[in-house]
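1. just the structure for this:
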Amino acid sequence: MGSLYRPNISVHLNPQPSLETQVTFISSPARLAGDGLNFPVSISPAIDVENANGAFPMVILAHFDTGASVSIIDVGLAEHMGLTPTGMEPIMTVGGLCEFPTYAIGLAFPGSTLAPFAKLPIGSGQLGFDINGDVSRSPNFGLLIGRDVMSRWSIFWNGPASSVTIND
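-> Model prediction:
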């Protein structure tokens, strides 16, 4: 019988992430496998974007989406918050190419030491976010965290331990 091949793989990050800058999420195996990673974020108008519509910050759930090239806010949530669109962009969705408004937001990660984003350009789309927080909908997320944000992090997903650790 042949031996099991185990490749020697090493990863070198340059620069090394600070050990103080991290957040760890622990979930049940079924929830992490079924719903994916959903964590609280604080979204607000971008710091240096004039906002005549009176937008206000909100803490919502965000969904970690490795299939999304850019981060997306639910268009209904953006309207509810009074965010001012910065333009229009085509977004590839499951249903095909659609044009949605773009925004600039502040994005922070409550309860963590991850660095916030002061002016993050994002797209929008119909995520089905329920403003009233219907608990029968699980999960109810208003933001997709895409690879534009994830590319700035070191991410360790430990499936057997049902935990995810993020460093910036």
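2. now name the helix or strand holding the residue lying closest to Gly106 once chain neighbours are set aside.
-> The shortest distance from Gly106 to any residue other than its chain neighbours is 4.2 Å, reached at Ser44 (Cβ to Cβ, 6 or more residues apart in numbering). For glycine as for every other residue, the C-beta is placed from the backbone atoms N, C-alpha and C. According to DSSP states H and E, Ser44 maps onto strand 38-45.
3. just grab the bridge partners of the residue nearest the centre of the chain for me.
-> Closest to where the C-alpha atoms of the chain average out (Cα atoms, centre = their mean) is Ile145, at 2.1 Å. Legend: beta-bridge partners of Ile145 under DSSP bridges are Phe64.
4. am I right that it is in contact with Asp65?
-> Yes: in this structure, Ile145 is within contact of Asp65 by Cβ atoms under 8 Å, at 6.4 Å.
5. ok, back up a step: packing partners of the strand holding Ser44?
-> In terms of contacts (3 or more Cβ pairs under 8 Å, 6 or more residues apart in numbering; DSSP states H and E), strand 38-45 is packed against strand 58-64, strand 96-108, strand 141-145.
6. quick one: which of those is nearest Ile131?
-> Closest approach to Ile131 among the helices and strands packed on strand 38-45 (Cβ to Cβ): strand 141-145, 8.4 Å.
7. and the next helix or strand past that closest one?
-> helix 147-150.
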